[in-house]
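> Structure, please.
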Amino acid sequence: MPIKRMDNVGIVVDDLEATIDFRRELGLELEGRAAIEGEWAGRVTGLVDQHVEIAMMRTPDGHSRLELSRFLRPPAVADHRNAPVNALGYLRVMFTLDKIDETLERLRKRGAQLVGEVVDYQDTYRLCYIGGPGGLLIGLAQELR
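Numbering: from 1, shown residues only. Predicted structure coming up:
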């Protein structure tokens, strides 16, 4: 049987509140929050005695979700935030929006920094990467046609 859908993308963060606020400014909606702990959770992740705060955020169209996780126990063990864009593994999430310049202006007030430049690609998209809270990489795309 083929995959039914992609449910969410999980991102481990060090400041859950700042990340939620930043993603809200970007246009995502907070769907819910929870604390995840207990024996069942450790059986899923392989982490014994875990305690994680999560926030589920969804895109306005309701089709995509981000699961933001802040590990209280055990602590995060690796940090990929300084990896270049050609590093192996999951790197970033990209969002399509209507007005990239206006969005950048709003996000800069919350600490966003351009990684490179805003670039037009073949008269089809305006694209850029920004660093958000905790240095997490986000891609922004504006359709030009």
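> what ranges do the strands span in this structure?
Ranges of strands within the chain are 9-12, 29-37, 51-58, 65-73, 93-97, 113-114, 119-121, 125-131, 137-143, based on DSSP state E.
> Off-centre distance for the helix or strand of the chain with the lowest mean pLDDT?
For the chain, the helix or strand with the lowest mean confidence is helix 39-45, at a mean of 85 (criterion: mean pLDDT, DSSP states H and E). A distance of 23 Å separates the centroid of the chain from that of helix 39-45, by Cα atoms, centre = their mean, to the nearest Å.
> Could you export the strands of the chain as JSON lines, including distance to residue 18 and mean neighbour count?
From N, CA and C alone the C-beta is placed, and that goes for glycine too. Compiled in JSON lines, the strands of the chain are given as follows (distance: least, Cβ to Cβ, whole Å; neighbours: other Cβ atoms under 10 Å):
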{"stretch": "strand 9-12", "distance to residue 18": "13", "mean neighbour count": "15"}
{"stretch": "strand 29-37", "distance to residue 18": "13", "mean neighbour count": "13"}
{"stretch": "strand 51-58", "distance to residue 18": "11", "mean neighbour count": "18"}
{"stretch": "strand 65-73", "distance to residue 18": "10", "mean neighbour count": "17"}
{"stretch": "strand 93-97", "distance to residue 18": "16", "mean neighbour count": "15"}
{"stretch": "strand 113-114", "distance to residue 18": "14", "mean neighbour count": "12"}
{"stretch": "strand 119-121", "distance to residue 18": "27", "mean neighbour count": "10"}
{"stretch": "strand 125-131", "distance to residue 18": "13", "mean neighbour count": "18"}
{"stretch": "strand 137-143", "distance to residue 18": "13", "mean neighbour count": "17"}
